[in-house]
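# let's see this in three dimensions:
(one chain, ligands or ions: 1)
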Amino acid sequence: MDDRDGARPGLDEYREALSLAADEALRFLETLPEQPVRSKGADEAAMRFGGPLPEEGDGATAAVRRLLDDGMEAVVRSAGPRFFHFVIGGSTPASVAADWLASSLDQNAGGWVATPLGARLEAVALSWLKQLFGLPDSWGGVLTTGATMANFVGLACARRWWAQQHGVDLDEQGFVGLPTVPVFSGGYIHPSSTKAMAMLGIGRSRVRAFSADDSGRLDVEALQHALRDLGGQPSIIVANAGEVNAGHFDPIAAVADLAEEHGAWLHVDGAFGLFASVSPRTSHLVDGITRAHSVIADGHKWLNVPYESGFTFVRDVSLMAPVFNVVAAYLPRVDDPRPNFMNLGPESSRRARSLPVWATLQAYGRRGVREIVEQNLDLAQRVARRVDEAPDLERLAEVPLNIVSFRYRPPDVSEELLDDLNRRLGEAVLEDGRVFVGTTVYRGKVAFRPAFVNWMSTADDADLLIEVVRELGARLKTG
Ligand SMILES: *Cc1c(COP(=O)(O)O)cnc(C)c1O
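Modelled structure (predicted):
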């Protein structure tokens with residue numbers, strides 16, 4: 001560590017490196033809306049990092065400068081208003097500032113003893129989130145790194161409950177002597193839920209997904225038959241509130257009816273769709289959600305806080321600690337009345353990710369979150385209208401939330417050529433960099449699926465998306 005003027009070791013180094021980082025971060029954020037989402041030289045810039053491990057380091061400021069010099073060209077401006085690929089949010093000013101503090105304060109949010117601040121703010125953030133989403137305050141909860149781990153936590157509790165029905169404490173004894181776990185879903189199930197099944201030893205291919213058609217829409221009747229066939233055996237149902245291709249929902253209340261009738265655990269993946277509950281325009285989409293046993297959502301998507309941020313809520317809080325507790329003489333006791341989140345989720349040492357979540361809720365409140373969601377709902381409807389008006393675009397699905405499924409379809413191009421044309425167009429849009437949106441396959445057709453999740457996106461950004469697709473499409477078609 002640098003100690004040039006005999007002051008506290010490292011102090012000048014902190015000052016210089018943090019000021020540089022703050023200045024450059026601000027410059028990045030100031031120019032975010034105008035800069036291309038992706039620089040043409042991004043791949044080459046990323047590859048300039050490497051070489052052998054330095055024997056002698058060159059100090060904090062030089063390292064940060066190097067990071068900026070080569071790094072800024074290699075970033076994708078997914079934090080900005082014209083990134084519509086995947087389902088990616090930006091970060092609000094309050095959440096970025098609080099996230100910097102989480103790093104500077106370097107709190108270990110595993111337990112109250114290590115950080116009353118981090119532990120308390122996690123409890124408060126979870127309570128506020130339950131109020132935001134209309135979930136009962138009696139439910140347990142934990143902050144996770146994202147929706148994949150949030151699904152893992154909810155489904156781990158489901159697995160524990162399922163084994164209890166067979167008289168086994170699975171988290172102590174393992175699967176010995178137990179049958180396979182029956183898991184049901186619809187075609188909307190997200191691959192992170194099946195990944196969680198793999199991590200939980202349940203097995204990816206144990207999931208039986210009942211689709212009514214090629215969109216993946218849940219076949220409620222088939223689910224009902226499968227539950228009946230179990231003859232009262234316990235099972236797990238994964239319902240999906242918001243699928244990634246068109247933002248569609250399973251009928252949660254109808255699934256909850258079936259879960260209650262057949263004694264199944266109902267887990268709801270609402271990574272972004274749970275935010276439908278914050279607007280009266282969309283809250284009907286999650287009707288019945290409070291009848292679930294576990295519900296999850298992401299923070300780093302529609303809440304617009306930095307990575308890594310997700311939440312799990314579990315109706316029966318007593319299931320969480322027996323799955324996740326870590327027992328040692330030097331660690332917080334499991335019966336400590338103060339919150340020790342290392343006993344409720346997968347990580348033991350953990351970042352104080354409550355700080356950005358708490359800060360954004362404190363700064364903008366329920367109304368601020370609702371405004372972000374409704375602004376994005378408006379943009380999705382706007383783009384849907386633009387698609388419908390354009391003679392060379394075709395919308396492929398209803399738009400209940402924030403995703404618009406459509407494709408480029410000029411009248412003089414035959415159906416057999418459309419998939420290839422749209423695939424190439426998707427690549428051209430990404431290469432162009434003015435807006436960012438890739439393609440998927442929806443109902444057997446190559447399609448665009450822009451998702452509106454960023455708090456900064458405007459009508460101009462949405463219009464530019466349509467312009468770019470049509471402009472590059474016309475060029476590809478003739479070229
Ligand atoms: C994004 C997403 C996930 C996975 O979330 P991560 O935060 O990337 O782990 C799970 N389910 C749905 C529906 C999603 O959209």
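# show me the helices in the stretch 351-479 of the chain, by range?
Ranges of helices within the stretch 351-479 of the chain are 354-389, 415-432, 459-478, based on DSSP state H, counting those that start in this stretch.
# buried ones in the second one?
Translated: helix 415-432. Residues of helix 415-432 classed as buried under the neighbour-count rule (16 or more other CB atoms under 10 Å) are 418-419, 421-422, 424-426, 428-430, 432. Just so you know, the C-beta spots here come from the backbone N, C-alpha and C atoms, and that holds for glycine as well.
# out of the helices of the stretch 351-479 of the chain, which is closest to G50?
helix 415-432 (24.5 Å; CB to CB).
# now do the residue nearest the centre of the chain against G242, distance only.
Nearest to the geometric centre of the chain sits D298, at 4.1 Å (CA atoms, centre = their mean). As for D298, its distance to G242 is 10 Å (criterion: CB to CB, to the nearest Å).
# what's the answer for V142, then?
From V142 over to G242 (counting by CB to CB), the distance is 21 Å.
# neighbour count winner among those two?
Using other CB atoms under 10 Å, the more surrounded residue of V142 and G242 is G242, with 32 against 27.
# right, and the more buried one touches S277 too?
No: using CB atoms under 8 Å, G242 makes no contact with S277, being 10.9 Å away.
# near the ligand, which residues of the stretch 251-400 of the chain?
Proximity of the stretch 251-400 of the chain to the ligand, by CB under 6 Å from any ligand atom, involves residues 269, 271-272, 298, 310.
# highest neighbour count among the residues you listed?
Greatest neighbour count in those, by other CB under 10 Å, goes to D269: 32 neighbours.
# ok, now which ones touch that residue?
Under the criterion of CB atoms under 8 Å, 6 or more residues apart in numbering, the contact partners of D269 comprise 147, 151, 189-190, 192-193, 238-241, 296.
# those residues in helices, which ones?
Mapping the contacts of D269 onto helices (DSSP state H) picks out 147, 151, 192-193.
# which ones among those also lie next to the ligand?
The overlap between the ones in helices among the contacts of D269 and the neighbourhood of the ligand (criterion: CB under 6 Å from any ligand atom) consists of 147, 192.
# can you pick the most crowded of the ones in helices among the contacts of D269?
Within those, most neighbours by other CB under 10 Å means N151, with 30 neighbours.
# that residue contacts S192, doesn't it?
Yes: the criterion here is CB under 8 Å, and N151 meets it with S192 at 5.4 Å.
# thinking again about what came up before, quick one: the residue nearest to the centre of the chain and T144 touch, right?
No: counting by CB under 8 Å, no contact exists between D298 and T144, whose distance comes to 9.2 Å.
# shared neighbours, those two?
Among the neighbours of D298, those also in contact with T144 (CB under 8 Å, 6+ apart) are 150, 309-311.
# farthest pair within those residues?
A150 and S309, at 9.6 Å, using CB to CB across the shared contacts of D298 and T144.
# anything in contact with each of the two?
Joint contacts of A150 and S309 (CB under 8 Å, 6+ apart) are 144, 298.
# before we move on, the earlier item: redo the buried residues of helix 415-432 as CSV? Include pLDDT.
Putting the buried residues of helix 415-432 into CSV (pLDDT from 0 to 100) gives the following:
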residue, pLDDT
L418, 98
D419, 98
L421, 98
N422, 98
R424, 98
L425, 98
G426, 98
A428, 97
V429, 97
L430, 95
D432, 94
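# which one of the residues you listed sits closest to H85?
Using CB to CB, L430 comes nearest to H85 of the buried residues of helix 415-432, at 7.8 Å.
# number of residues surrounding the closest residue to that closest one other than its chain neighbours?
The shortest distance from L430 to any residue that is not its chain neighbour, by CB to CB, 6 or more residues apart in numbering, is 6.1 Å, and that residue is G438. Residue crowding around G438 was assessed by other CB under 10 Å; the count is 15.
# measure G438 to D419 for me?
With distances defined as CB to CB, the gap from G438 to D419 amounts to 14 Å.
# check R409 too.
Computed with CB to CB, the distance linking R409 and D419 is 11 Å.
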